[in-house]
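Chemist: Using only what follows, build the 3D model:
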Amino acid sequence: MKKAVLIIVIVIIVGLLIFAGYFIYKNTSFLRFSSNEKMVMENNQNIIEDVAEQDIDMVKLENKTLQVEDKYSTGVFGQKRRLNLPKNFEANVYIAGLENPRFFDIDDQDNLIVADKGLGAILLIKDEDRDGVADQEVIIDRDLRVIHSVDYFQGDLYAAEEHQILKYNNLKSDGSYENKEVIISGLPDDGGHSTRTVMIGIDGKIYVSIGSSCNVCEEDDSRRAAIMRYNLDGSGEEIYSSGLRNSVGIEFWKGQLWSVDNGRDLIGDDLPPEEVNIVKQGQNYGWPYCYGRGIANPEYPDKSEFCQKETEFPTYKMQAHSASLGIGFLPASNKIFPNSLKNNIFIGFHGSWNRTTPTGYKVVRIDTDRKGAAALNFVTGWLDEDGNS
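Modeler: Below you'll find the model as predicted:
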């Protein structure tokens, strides 16, 4: 009897050890130890060896106090915060106290229009005295479902909920509009990545990015892990490009559609790379079968030939698990940033969860004049010296 009990106990212990090992293997963030100063430095600063003298001021980041007006000096801004920026750059809080702001756009009067996912609302934020700090906030609409992105186009506002695209006709500077209509309905909403990004293209059509329903799987709905295209009235649905696991940030620049794509999890701290893609119509970018430059995922070893011969490779690669979200280029009218940055793409990193050592939590830039250029830190410091974000 005692022998049987002992065997049962041993089996239970072995089972628990196997489960613990599997859990840790599948969830590397569980292993996060206190990040040391070197780890944080590597995330927050650029390596400046071999940097040309004329580029030093843009590559070497200086630690500066974040400027905060008194009315916003509460909560997380109740004490001094610091960020790392290039020489001659400063950062200030434009508005604080929002719930969970995601994507935003600017209207014809330079008002900020924000999709606040936490509040479930679209906000119009004004800087009446033009001092660089917001002083008025108006709710355009509320009670919205996973509201994530907005795009202001020719006087109208387009907004993306999880399951549909809205249009606010003739949006005025006081936040009012003529009427609201659902122009695209029935988007996939069965779980997984729930945010949708909407953008009006240079061809006057609507582009909608829809993420995957899972980490790695073959989708039942072909609109998943894809960028869709529609006519401006919401008709003519078509898959513009596929194999994009979660291209949250999309942007048109110089006649091309650019995107940043979030790679899969659970195959290590440094795999797969996050991607910057120039998205072409009718092309496949590999997911779920491939990552990086045509490398087959371990779940699909038989797809190696497909990955190498039938998929588009990323234009640029970035640190795995950085969670690249928003992207942007300097407008042609730019008169503030130096000309050396005019062909740079700027990318906001949400930050990691599935990584032993935290990474991301910053804004980086890539010089698109240089083929194969690496991402350079532009604004960092949201990951502090203790490895906390």
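Chemist: tell me, how many neighbours does A91 end up with?
Modeler: Using other Cβ atoms under 10 Å, A91 has 17 other residues around it. In this view, the C-beta of every residue, glycine as well, is placed from N, C-alpha and C.
Chemist: ok, it to K80 distance?
Modeler: 13 Å (Cβ to Cβ, to the nearest Å).
Chemist: got any residues that touch both of these two?
Modeler: L66 (Cβ atoms under 8 Å, 6 or more residues apart in numbering).
Chemist: Under the pLDDT cut-off, which ranges of the stretch 1-150 of the chain? List them.
Modeler: 1-36 (pLDDT under 70).
Chemist: Kindly recompute the last result at 80.
Modeler: Counting by pLDDT under 80, the stretch 1-150 of the chain contains low-confidence ranges at 1-37, 50, 53-54.
Chemist: Return the distance of stretch 276-283 from the chain's centre.
Modeler: 17 Å (Cα atoms, centre = their mean, to the nearest Å).
Chemist: What are the contacting residues of it?
Modeler: With Cβ under 8 Å, 6+ apart, stretch 276-283 has contacts from 227, 240-244, 247, 250, 256-261, 285, 311-312, 314-318, 324, 327, 345, 347, 366.
Chemist: ok, which stretches of the stretch 251-389 of the chain are strands?
Modeler: 256-261, 274-279, 290-291, 295-296, 316-318, 324-329, 344-349, 362-367, 376-379 (DSSP state E, counting those that start in this stretch).
Chemist: and the fifth one, what's its mean pLDDT?
Modeler: The average of the pLDDT scores along strand 316-318 is 97.
Chemist: Repeat that for the fourth one.
Modeler: Averaged over strand 295-296, pLDDT sits at 98.
Chemist: One more: the third one?
Modeler: Strand 290-291 shows a mean pLDDT of 98.
Chemist: now swap in the last one and tell me
Modeler: Taken as a whole, strand 376-379 has an average pLDDT of 98.
Chemist: which other helices and strands contact it?
Modeler: strand 82-86, strand 362-367 (3 or more Cβ pairs under 8 Å, 6 or more residues apart in numbering; DSSP states H and E).
Chemist: Just checking: what are the partner strands of that strand?
Modeler: With DSSP bridges as the test, strand 376-379 is paired with strand 362-367 (antiparallel).
Chemist: what's the answer for the second one, then?
Modeler: Partners of strand 274-279 in the sheet, by DSSP bridges, are strand 256-261 (antiparallel), strand 316-318 (antiparallel).
Chemist: Turn those into CSV, including distance to L66 and mean neighbour count.
Modeler: Listed next are these as CSV, based on distance: least, Cβ to Cβ, whole Å; neighbours: other Cβ atoms under 10 Å:
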stretch, distance to L66, mean neighbour count
strand 256-261, 25, 24
strand 316-318, 25, 22
